[in-house]
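# Got a sequence here, can you model it:
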Amino acid sequence: MAEGAANMVILAQNDNVGIALRDIATGSLARTVAGTALEARQAIPQGHKIALVDIEPGALILRLGVPVGIAKATIPQGRLVHVHNIASRYLNNDEDHYE
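Now for the predicted structure:
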């Protein structure tokens, strides 16, 4: 990937997660074409969510401006946001996985 090339997209202005356009390695910068950049504190697989800010337990996870889950624990900026640290308001994460 070219230095400074976008590898993340933020779908709506109020989102608290970005989406990896390709795999982002731990310690690499996650960048958008608009200039938003943050360090990935763990590997973020392509298509998965990365926390843009620290997200507190109970906070809504917003993607495309729509709540897609609720944080089960603090999710620090730059960490993977996935079924291990978020819960659905309408599915049981233990039995029904969603994306």
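# in this protein, which spans are helices?
Counting by DSSP state H, no segments of the chain form helices.
# Can you name the residues bridging to Ile86?
Taking DSSP bridges, one obtains Ala71 as the residues bridged to Ile86.
# Tell me who's in contact with it.
Contacts for Ile86 were tallied using Cβ atoms under 8 Å, 6 or more residues apart in numbering; they are 61, 68-72, 75, 93. Just so you know, the C-beta spots here come from the backbone N, C-alpha and C atoms, and that holds for glycine as well.
# Buried ones among those?
Buried by 16 or more other Cβ atoms under 10 Å: 61, 68-69, 71, 75, out of the contacts of Ile86.
# before we move on, the earlier item: closest to Ala40 out of the contacts of Ile86?
Proximity of these to Ala40 (Cβ to Cβ) peaks at Ile75, which lies at 13.1 Å.
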